[in-house]
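Asker: predicted coordinates and the sequence they were generated for:
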Amino acid sequence: MLIAQLSDPHIRPEGVLYQGVAASNQMFAEALAHLHTLDRVPDLLLITGDLVDEGRPEEYAMVRELLSASRIPFLVIPGNHDHRENFRIAFRDQPYLPAEGALHWCVDDHPVRFIGLDSCPVGKHHGHVDAQAVEWLAHTLAQDTAKPTVLMLHHPPFISGIPYMDIYRCMETQQLEEVVRRAPNVELVLCGHVHRTMLRRWAGTVVCSCPSTTTEIDLQLAADAPPQSHIGPRGCMLHLWDEAHGMVSHVSHIGAFAGPYGFA
């Protein structure tokens, strides 16, 4: 099974640039087109939050219009820029999304089980998985302790070292970590939010963050570093699951580059 992951497209109303500089709608369309040009089209697309920038209905309408050009089935979770109820309305045709409350869900009709965890406190930019969500996750994981599972949440549950992003990370993660550690069949934890690819061993598994389809947040590690981003390089993640060999993850860069050349 080939699983594509896109994140943080920050879709705007038609004709509006993200942060006044980035054509995020076009960039998301190009990311979707990129997935369809691969020599193996993904079986499933995961989008790990911040689908839109301001949570507005017209932004969600644009997301759905852009997604309609793709033939890949998708699963979505919210990010801190999403509006929970507008998100729910926009994706009301997606049967896995709950009709009320936090947007936690489980989809178990693929070779890999997928769990979406809503890490977004309403009105806040940092992440938090409360006791009720941790209990829901523990119960859901306990339903099958053998099937390979991918857990998705928007906020990374660890410190990245980028100071202006770490203040908005997923906070108070000890209980979440304990629950995930008790589930050795969790192959991957996938997130977004930081607009960068990051890998970390955590809770007995691997956390992988996905780059944004729009801007890349700069890697600055100084404690007093100011927030800073660039447009590009853009990319997505491809997670290849094989029953015999397990899961392997690749970064796939989006754009035109010199080549191909006849060597490897």
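Answerer: Thanks, I have it. Numbering: from 1, shown residues only.
Asker: low-confidence ranges in the stretch 101-250 of the chain?
Answerer: Residue ranges of the stretch 101-250 of the chain with pLDDT under 70: none are present.
Asker: where exactly do the helices run in it?
Answerer: All helices of the stretch 101-250 of the chain, identified by DSSP state H, counting those that start in this stretch, fall at 131-142, 163-166, 174-181.
Asker: can you put the ones you listed in JSON lines and add distance to residue 101?
Answerer: In this view, the C-beta of every residue, glycine as well, is placed from N, C-alpha and C. Formatted as JSON lines, these follow (distance: least, Cβ to Cβ, whole Å):
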{"stretch": "helix 131-142", "distance to residue 101": "9"}
{"stretch": "helix 163-166", "distance to residue 101": "28"}
{"stretch": "helix 174-181", "distance to residue 101": "18"}
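Asker: from residue 1, how far off is the residue lying closest to residue 211 once chain neighbours are set aside?
Answerer: Nearest non-adjacent residue to residue 211, counting by Cβ to Cβ, 6 or more residues apart in numbering: residue 235, 4.4 Å away. Between residue 235 and residue 1 the computed distance is 20 Å (Cβ to Cβ, to the nearest Å).
Asker: and stretch 135-149, what's buried?
Answerer: 136, 137, 138, 140, 141, 148, 149 (16 or more other Cβ atoms under 10 Å).
Asker: on that earlier part again, more neighbours: residue 235 and residue 1, which one.
Answerer: More crowded of residue 235 and residue 1, by other Cβ atoms under 10 Å: residue 235, with 23 against 15.
Asker: so who does the most centrally placed residue in the chain touch?
Answerer: In the chain, the C-alpha nearest the mean C-alpha coordinate belongs to residue 48, at 1.9 Å (Cα atoms, centre = their mean). For residue 48, the contact set (Cβ atoms under 8 Å, 6 or more residues apart in numbering) comprises 5-8, 77, 79, 152-154, 190-193, 210.
Asker: tabulate the residues you listed (JSON lines), appending neighbour count.
Answerer: Below are these laid out as JSON lines (neighbours: other Cβ atoms under 10 Å):
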{"residue": "5", "neighbour count": "26"}
{"residue": "6", "neighbour count": "27"}
{"residue": "7", "neighbour count": "31"}
{"residue": "8", "neighbour count": "29"}
{"residue": "77", "neighbour count": "30"}
{"residue": "79", "neighbour count": "30"}
{"residue": "152", "neighbour count": "25"}
{"residue": "153", "neighbour count": "30"}
{"residue": "154", "neighbour count": "27"}
{"residue": "190", "neighbour count": "26"}
{"residue": "191", "neighbour count": "29"}
{"residue": "192", "neighbour count": "29"}
{"residue": "193", "neighbour count": "31"}
{"residue": "210", "neighbour count": "29"}
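Asker: before I go, just wanted to say thanks for your time.
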